[in-house]
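S.K.: What follows is a protein structure lacking sequence information:
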């Protein structure tokens, strides 16, 4: 106990010593405050009240986004504002009355302003009206004598001249969220915007630029008197897209006749995406100034997915458009000779299950070209059975399916190429042969995005080279944009004769009277296209429906109807363009998707945007040799 | 687990109701007063709005008060038993932050619990006080004087300090070292040993300096003399002094601080909130806040003095030292007395993690008072054995 007391005594002594020290240092702080706030107060008051040097950040001008021809898709528009400083105004209500004779100042504006006046410090400018025209500014400027405390202010607002047409590709900007703040003071400026989606987001850092500083002499209310020094920043870099704005607009208009659809066109040799349209769309201009809540909810609730870029984020069973991949896998595996015929009686039996061909009467004996041309399902059930799912999946991956392509747009989905191992790992069930048959006609587990289908078509049409799709003609290197160097894509190792068979079959789909898309052919021979139709089941056909006859299309609810697909390339002789079209719940690929693809491929060739750009580049001497 | 066992000890010790009545409501009132100054300043920093800071802070304060009472009611012996687990958890989280921070490239100091972000450093401070108090509780005064006995507590303090310094959060690392030193001092370690350590450190400084790379030297120089970096921290300190000085004796009035508004001050709701406060309420306001802090400090120290167990004494003292260091470092920083370290002002600055851990810590101080007569054996038993 004596020891315990000794310990307590030591503690008490030292504790009081420590407390004394702590209070002493607090005293020092009080002294410091006295020094600053009483002794030197006058000096600081002068610094604060009469003339202060204020270092202000000058935000850089955000880089523009241009199409492949240089047409602006995202620009910065000067945003003229009228602000009122309550301290200089005196009677804000009277000033607003006077202003209202020159400009429409609504009741809601007035309430907001009066609330700010009551709440904010009196030397703060309060925005009266934004986005004013030059005429409005002029009208107010002439009358400033009668409008004390009314001032002008100019900032920049992001504008998307092509609006809806490019909402999904170009994306939009928004004020930085709390999570975006990195400590860079630029982000804290009230007008600063960062890329939130699309190209705006992927190339955001390069387009932001570097802020400058301006040293201003300011008076007590914070109004700049004169600029003392200025360090200029760097404006953001412009991003040039591979997209042809005219073709993009054409695609959007063509798709707008449908409820919900997507289309993508790319150059088969370079992978440059010329158009990527996703319908329905939205106006990105609404986003840059802060989207109204009601509109946002409406967009989110729309089952047709206006906010989604279906070209890269929509995943669909590819249906019969997948048959070329199965055919190539079969040829490579030696599972079938191209001229070998398989008999199609309209169905194929496997164990107790019967797998149906879309043509109930059957196609008779068909070889590979005829099977693709007429989209015979039985032929591909049998072929898939012979090849096996793993080899089909391997070929599909080489063609760009089942994996993210690593494009320069956000939200890319990977699609799905099932394998035995995949099913066992995920579903815990062994792979069934029936799964292989269904996969052979692009149904069941198989999923692909429209972009992947276009890449698949391009890789077949360009002689089997692993072309990579991209949306911008530059890439980011070390934080800034440099031009992409186009180099020949590596070969996929698919024999040319195999590709020739598949391309011949795709040509006959469109150009042979027996083909499923003959009605959607292009008549001018130099523009003729090849392709493949596809119809992707959204729900399983029940045995009962098969027995009693199918329901007529208009009897089926919209969201249970089949998706219509088409992949194509043109011109047939020397392919330059590949395209994929999907019309969600559109019905049949040949009736709905093929005509859209025809119109788009014809327009692409007539515009010949890729050729035009190459020729212009050659003319200015900047083309790679 | 039996709840009764959690809140009460031996049958002859006070029950839960007695303990609630024994809470130092005066201390709670002082804490609430200082916090209210915080709410008001966060309201002002947002330009006269509860959004985005003041409203959230009030809610966290409410939640923190409940946690504080729970921490105060749990029997002190439980805290004695929890010392090493809490410390180990803190250490583990620090290592986790180090690892995930590297991979995620994000802010390294935080762990996201979804509803609330959590700073492992906060837990570490509490854990360190607990383990050191426990360690010295078990030593007799003679044992404390043996130099070898000091290796373990020094290691307990230095390891987390190094981890925190790597984040890099020099302010918190320094606090952990100060805490260790203060507890060694209070436990009765001979003064000449402190002098010896200080001498060794001073002697080693030139050697360490010569081994630093150029950019590291530059960083240290800017830290010591911020005026060298006029666009960085130095600029803020100058602006902070202008704001304080122009506030004068009576201040510019609530919500009328011009400097703060004109965005001369960074993080005016957190690190520089005292500047804003003293600009708007002047010297008088500043002295009032200092007095409130001093009252809390004295109150806490008195609690430490009346506790009968060494564990309780050291626990309460350690927490009060941490509280004081925070307050002093922050106010000394914004008045330009010491370099910028970036520590918040306790109870006043906006920030959930810091507020919660402060309130829980105060809960422990109250706990020490409530259990001031509890007997805790050398190994944490109830002293009856």
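M.R.: Received it, and whenever you're ready, just let me know what you need. Remember, it's a predicted structure, so these values are computed and weren't measured experimentally. Numbers count the residues shown, from 1 in each chain, chains lettered A, B, ... in the order given.
S.K.: Flag every buried residue along the lengthiest helix in chain B.
M.R.: Here the longest helix in chain B is taken by residue count, with DSSP state H as the criterion, and it is helix B:273-306. Residues of helix B:273-306 classed as buried by neighbour count (16 or more other CB atoms under 10 Å in any protein chain shown): B:273-287, B:289-290, B:292-294, B:296-297, B:299-305. Placement of C-beta: from N, CA and C, glycine included.
S.K.: In terms of secondary structure, what does it contact?
M.R.: If contacts are counted by 3 or more CB pairs under 8 Å, 6 or more residues apart in numbering or on different chains; DSSP states H and E, helix B:273-306 sits against helix A:2-34, helix B:25-45, helix B:233-247, helix B:258-261, helix B:310-334, helix B:352-370.
S.K.: for the first one, packing partners?
M.R.: Contact here means 3+ CB pairs under 8 Å, 6+ apart; on that basis helix A:2-34 packs against helix B:141-144, helix B:170-187, helix B:273-306, helix B:310-334.
S.K.: what sits against residue A:15?
M.R.: Applying CB atoms under 8 Å, 6 or more residues apart in numbering or on different chains, we find residue A:15 in contact with B:186, B:301, B:304, B:305, B:313, B:317.
S.K.: try 10 Å this time
M.R.: B:185, B:186, B:301, B:302, B:304, B:305, B:313, B:314, B:316, B:317, B:320 (CB atoms under 10 Å, 6 or more residues apart in numbering or on different chains).
S.K.: biggest separation within those residues, which pair?
M.R.: B:185 and B:302 (18.5 Å; CB to CB).
S.K.: if we can go back for a sec, which of the helices and strands packed on helix B:273-306 has the lowest average pLDDT?
M.R.: Least confidently modelled of the helices and strands packed on helix B:273-306 is helix B:258-261, at a mean of 60 by mean pLDDT.
S.K.: and the helices and strands packed on helix A:2-34 as JSON lines, adding distance to residue A:331?
M.R.: Formatted as JSON lines, those follow (distance: least, CB to CB, whole Å):
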{"stretch": "helix B:141-144", "distance to residue A:331": "86"}
{"stretch": "helix B:170-187", "distance to residue A:331": "67"}
{"stretch": "helix B:273-306", "distance to residue A:331": "73"}
{"stretch": "helix B:310-334", "distance to residue A:331": "74"}
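S.K.: follow-up on the earlier one: for the contacts of residue A:15, which one is nearest residue B:129?
M.R.: Using CB to CB, residue B:314 comes nearest to residue B:129 of the contacts of residue A:15, at 7.7 Å.
S.K.: ok, of the contacts of residue A:15, which one's closest to residue A:284?
M.R.: Using CB to CB, residue B:320 comes nearest to residue A:284 of these, at 56.2 Å.
S.K.: what does the stretch 351-500 of chain A put close to chain B?
M.R.: Within the stretch 351-500 of chain A, no position is adjacent to chain B by CB under 10 Å from any CB of the partner chain.
S.K.: what pairs with residue A:570 across the strands?
M.R.: Residues in a beta bridge with residue A:570, per DSSP bridges, are residue A:577.
S.K.: correct me, but it touches residue A:577?
M.R.: Yes: counting by CB atoms under 10 Å, residue A:570 does reach residue A:577; the two are 5.5 Å apart.
S.K.: of all the helices and strands packed on helix A:2-34, which lies closest to residue A:106?
M.R.: helix B:273-306 (34.9 Å).
S.K.: If you average the pLDDT over that closest one, what comes out?
M.R.: Helix B:273-306 carries an average pLDDT of 94.
S.K.: so who does the closest residue to chain A within chain B touch?
M.R.: With CB to the nearest CB as the measure, residue B:245 is the residue of chain B nearest to chain A, at 2.5 Å. When contacts are counted by CB under 10 Å, 6+ apart, residue B:245 is found next to A:33, A:35-48, B:259, B:278-279, B:335.
S.K.: Now do the same contact list for the nearest residue to it once chain neighbours are set aside.
M.R.: Computed as CB to CB, 6 or more residues apart in numbering or on different chains, the closest residue to residue B:245 that is not its neighbour in sequence is residue A:44, at 2.5 Å. Residues in contact with residue A:44 (CB under 10 Å, 6+ apart) are A:36, A:37, B:241, B:242, B:243, B:244, B:245, B:246, B:247, B:248, B:259, B:279.
S.K.: Counting neighbours, which of the residues you listed comes out on top?
M.R.: Using other CB atoms under 10 Å in any protein chain shown as the neighbour test, the contacts of residue A:44 are led by residue B:279, with 34 neighbours.
S.K.: pretty sure that one is in contact with residue B:335, am I right?
M.R.: No: Residue B:279 lies out of contact with residue B:335 (CB under 10 Å); the separation is 12.0 Å.
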